[in-house]
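Student: missing the sequence, but the structure's below:
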């Protein structure tokens, strides 16, 4: 009997409606995680829940039902047609503003008062508090049903109390002070803050939305020699399509015919177009700048580079940095504590002064000033903007916890081949012998090597074609394993064999030249190493090459510490030894054999031009092959982390400083409402500054 194999866990995202603070997110997250087989993370800033669930135990309907049971709405991405939250708030805000202005003017400027002005104030303020502020009251009521309290609870209690007290004072007491303007102004200010916050949060997620719109909308597929325009969704692997100058490449593929320069800046962050020709890979959504290309599709749909980048960014934004968990725990208990402080303030003022008006004012001010929306926005907005900006620069941060790892890194290990060097052998020197010309050497040696698949042969042939163009044919080609190749070209018996210090070229029994073939250093590697050092990191070169070769490369780029003769299986062990020596290690690599070392390192950075294994094992993917992107990634991560800490400091400091002032009766409720809205806008605006982060690849002066 065969055992039943359980299906793997699935992942989905839910769009959450009705969240107004971090406490809301914490409640929904707690409810989802109570379901069997569910791991959920709710992000207040994106209004989304990232859920990993066991399809045997729960269904999508169960997930939606759990959210709705807490009093909020939920839907799968793309199915919610309610639109932009800012648009939904606009009618209530406009109505509130029109009605509040006369209430505030007549209430706060005694010379403008007229007979029965308080009844007019009631008529104007009641729609503001009850209708314009209805979203707050509805959310507070839903939360109360579950014995929970959120920021909406504070707003609802504060504004309704101001209105109710004023009605009682107007109808039951003579000369009692009313607070119609407090309820109206507080409601309007908070609606304004929510409206501006919604717009700012939308801008903070602009990067991920921009990625989704970058792809081509249609492709010109060749069918029986005729071009046919089809939607890009209908492309299949193996289709050959035409890309004209100025058009976006429809999907990932390999160039079949033609040559051009391709602008890859939207994927790599590098402004210089890259020359491509037959046999070279191109990525979808990049721009063909000059020649006409025929491209054979190799990846379509969710498998393309653009789709994978978008998915990685979305996952990173949906997660939570460890520092966020502190804010979540505080927010979950903060509202009940504030309500307790407000009631205690009311009782203390009544007991000490007997002044009901002053007691009420201080109590409402405590409720309003303490709303913890700034606390809930502090981390996710910075994370959204930072990861979005990173994606624009070709830096993909896998998860928010990575940010804190970059702060601790002390040593950065650099794989040599493909990371510091080009990873491709090139002909670096030609020494003619016995009166032979360079052109003749390249023509005959390149011709015989043209039939070889060996990397040395490809390097020689590539150099010969670059200098001379077409090469003559070879007859009688033979491969000599471990030694070289031989063949007959233009009537000469040509031999290209291994030799001490390089490659020997002979024909007709006479040695004609010595060739030097080597892996060359990337032109930006020395600059990248200098940048890493400036960040306080110690670079280490790790390679399987001989010590002498490794030292020469290290010296060329400014690295003092070298780990040479390391077998592929030993790279992770070298990282472990560094860690055991007290180092916090970052690793940059691109090959399959770098995968274990990238996973072992405290911070793994994969060169995106490398293998899928390396990219999958890494914490950060650098889409370009430019090592300077590693320095950019660490600078950006540290900048995001510093922004989060700054946001949290000001969010905490704001409440710590303001609540005692409100308790002491030194803070008017209207001023408190304005200050609360301002604190949220400060946090979002501070996060938006990350959009101005610049790569050193764009501006070397940075």
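Tutor: Received, thanks. Just so it is clear, the structure is predicted and the values come from calculations on it, not from any experiment. Numbering: from 1, shown residues only.

Student: Can you give me the neighbour number for the nearest residue in space to residue 511 that is not next to it in sequence?
Tutor: Distances taken as C-beta to C-beta, 6 or more residues apart in numbering place residue 433 nearest to residue 511, at 5.5 Å, with adjacent residues excluded. From N, CA and C alone the C-beta is placed, and that goes for glycine too. Residues near residue 433, counting by other C-beta atoms under 10 Å, number 14.

Student: One more: residue 59?
Tutor: Applying other C-beta under 10 Å, I find that residue 59 has 11 neighbouring residues.

Student: Mind giving me the packing neighbours of the host helix or strand of residue 51?
Tutor: Applying DSSP states H and E as the criterion places residue 51 in strand 48-53. Packing partners of strand 48-53 (3 or more C-beta pairs under 8 Å, 6 or more residues apart in numbering; DSSP states H and E): strand 10-17, helix 22-33, strand 38-43, helix 60-69, helix 305-318.

Student: And the average pLDDT for the second one is what?
Tutor: Mean pLDDT, taken over the full extent of helix 22-33, equals 81.

Student: what's that helix packed up against?
Tutor: strand 38-43, strand 48-53, helix 60-69, helix 322-352, helix 373-392.

Student: and those, which is most packed in?
Tutor: helix 373-392 (a mean of 29; mean count of other C-beta atoms under 10 Å).

Student: Beyond that one, next helix or strand please.
Tutor: strand 395-397.

Student: next one: that following strand to chain centre, how far?
Tutor: In terms of C-alpha atoms, centre = their mean, to the nearest Å, the centre of strand 395-397 is found 6 Å from the chain centre.

Student: now stretch 37-56
Tutor: Using C-alpha atoms, centre = their mean, the offset of stretch 37-56 from its chain centre is 18 Å.

Student: can you check stretch 652-665 too?
Tutor: 35 Å.

Student: again, but for stretch 407-414
Tutor: 21 Å.

Student: Now do the buried residues in it.
Tutor: 409, 411, 412, 413, 414 (16 or more other C-beta atoms under 10 Å).

Student: can you tell me the helix or strand for residue 261?
Tutor: Going by DSSP H and E, residue 261 is part of strand 260-263.

Student: ignore the last one, residue 518
Tutor: Going by DSSP H and E, residue 518 is in strand 510-521.

Student: tell me the average confidence for whichever helix or strand comes after that strand?
Tutor: Next along the chain after strand 510-521, taking DSSP H and E as the criterion, comes helix 525-534. For helix 525-534, mean pLDDT rounds to 93.

Student: Return the set of buried residues in helix 525-534.
Tutor: 525, 526, 527, 528, 529, 531, 532, 533.

Student: Tell me the spacing between the third one and residue 697.
Tutor: Put plainly, it is residue 527. Using C-beta to C-beta, to the nearest Å, residue 527 is found at 10 Å from residue 697.

Student: Repeat that for the fourth one.
Tutor: Residue 528 sits 10 Å away from residue 697 when distances are taken as C-beta to C-beta.

Student: and the end-to-end length of stretch 48-61?
Tutor: 16 Å (C-alpha to C-alpha, to the nearest Å).

Student: and that stretch, average pLDDT?
Tutor: Here the average pLDDT along stretch 48-61 is 84.

Student: picking up where we left off before, next, format the helices and strands packed on helix 22-33 as JSON lines and append distance to residue 228.
Tutor: As requested, the helices and strands packed on helix 22-33 are exported to JSON lines (distance: least, C-beta to C-beta, whole Å):
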{"stretch": "strand 38-43", "distance to residue 228": "43"}
{"stretch": "strand 48-53", "distance to residue 228": "38"}
{"stretch": "helix 60-69", "distance to residue 228": "38"}
{"stretch": "helix 322-352", "distance to residue 228": "50"}
{"stretch": "helix 373-392", "distance to residue 228": "33"}
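
Student: thinking again about what came up before, need the phi and psi values for the residue nearest to residue 511.
Tutor: In terms of degrees, to the nearest 10, the main-chain angles of residue 433 are phi -130, psi 150.

Student: wait, it sits on residue 515?
Tutor: No - between residue 433 and residue 515 there is no contact under C-beta atoms under 8 Å: 11.0 Å.

Student: coming back round to it: where do the contact lists of residue 527 and residue 697 overlap?
Tutor: Here residue 527 and residue 697 have residue 628 as joint contacts, going by C-beta atoms under 8 Å, 6 or more residues apart in numbering.

Student: picking that back up, closest to residue 638 out of the helices and strands packed on helix 22-33?
Tutor: helix 373-392 (10.2 Å; C-beta to C-beta).

Student: If we go by neighbour counts, what in the strand holding residue 518 is buried?
Tutor: Neighbour counts over strand 510-521 (16+ other C-beta under 10 Å) mark 512, 513, 514, 515, 517, 518, 519, 521 as buried.

Student: Tell me how far the last one lies from residue 135.
Tutor: When you say that, I think you mean residue 521. Taking C-beta to C-beta, one finds residue 521 at 60 Å from residue 135.

Student: same deal with the third one?
Tutor: Using C-beta to C-beta, one gets 81 Å for the distance from residue 514 to residue 135.

Student: same deal with the fifth one?
Tutor: Using C-beta to C-beta, residue 517 is found at 71 Å from residue 135.

Student: same thing with the first one?
Tutor: Distance from residue 512 to residue 135, counting by C-beta to C-beta: 85 Å.

Student: Same question for the host helix or strand of residue 458: list its buried residues.
Tutor: Here residue 458, judged by DSSP H and E, is contained in helix 455-468. Neighbour counts over helix 455-468 (16+ other C-beta under 10 Å) mark 456, 457, 458, 459, 460, 461, 462, 463, 464, 468 as buried.

Student: Just the closest of these to residue 220, please.
Tutor: So of the buried residues of helix 455-468, ranked by how close each gets to residue 220 (C-beta to C-beta), first place is residue 462, at 31.1 Å.

Student: returning to what we had before: got CSV for the buried residues of helix 525-534, with distance to residue 563 too?
Tutor: Rendered in CSV, the data for the buried residues of helix 525-534 read as follows (distance: C-beta to C-beta, whole Å):
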residue, distance to residue 563
525, 17
526, 19
527, 22
528, 18
529, 15
531, 21
532, 16
533, 18
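
Student: Do a quick rundown of the helices in the stretch 101-250 of the chain.
Tutor: 117-127, 134-145, 151-172, 180-204, 206-212 (DSSP state H, counting those that start in this stretch).

Student: which of those is buried the deepest?
Tutor: Taking mean count of other C-beta under 10 Å, helix 180-204 is the most buried of these, at a mean of 24.

Student: May I see the buried residues of the longest helix along the chain?
Tutor: For the chain, the helix reaching the highest residue count under DSSP state H is reported as helix 628-663. Neighbour counts over helix 628-663 (16+ other C-beta under 10 Å) mark 628-641, 643-644, 646-648, 650-652, 654-655, 658-659, 661-663 as buried.

Student: residue contacts, the residue nearest to residue 511?
Tutor: Contacts of residue 433 (C-beta under 8 Å, 6+ apart): 511, 512, 513, 514.

Student: Let's see that with 10 Å instead.
Tutor: 441, 504, 505, 506, 510, 511, 512, 513, 514 (C-beta atoms under 10 Å, 6 or more residues apart in numbering).

Student: out of those residues, which one sits closest to residue 24?
Tutor: residue 514 (73.5 Å).

Student: mind checking which of the helices and strands packed on helix 22-33 is nearest residue 216?
Tutor: helix 373-392 (18.6 Å).

Student: how big is the angle separating the closest one from helix 628-663?
Tutor: 170 degrees (axes from the mean of the first three to the mean of the last three C-alpha atoms, to 10 degrees).

Student: ok, back up a step: need the buried residues of strand 510-521 in a markdown table (columns: distance to residue 277 and pLDDT).
Tutor: Below are those laid out as a markdown table (distance: C-beta to C-beta, whole Å; pLDDT from 0 to 100):
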| residue | distance to residue 277 | pLDDT |
| --- | --- | --- |
| 512 | 30 | 92 |
| 513 | 28 | 91 |
| 514 | 30 | 92 |
| 515 | 24 | 90 |
| 517 | 22 | 82 |
| 518 | 23 | 77 |
| 519 | 22 | 77 |
| 521 | 24 | 85 |
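
Student: Thanks a lot, see you next time.
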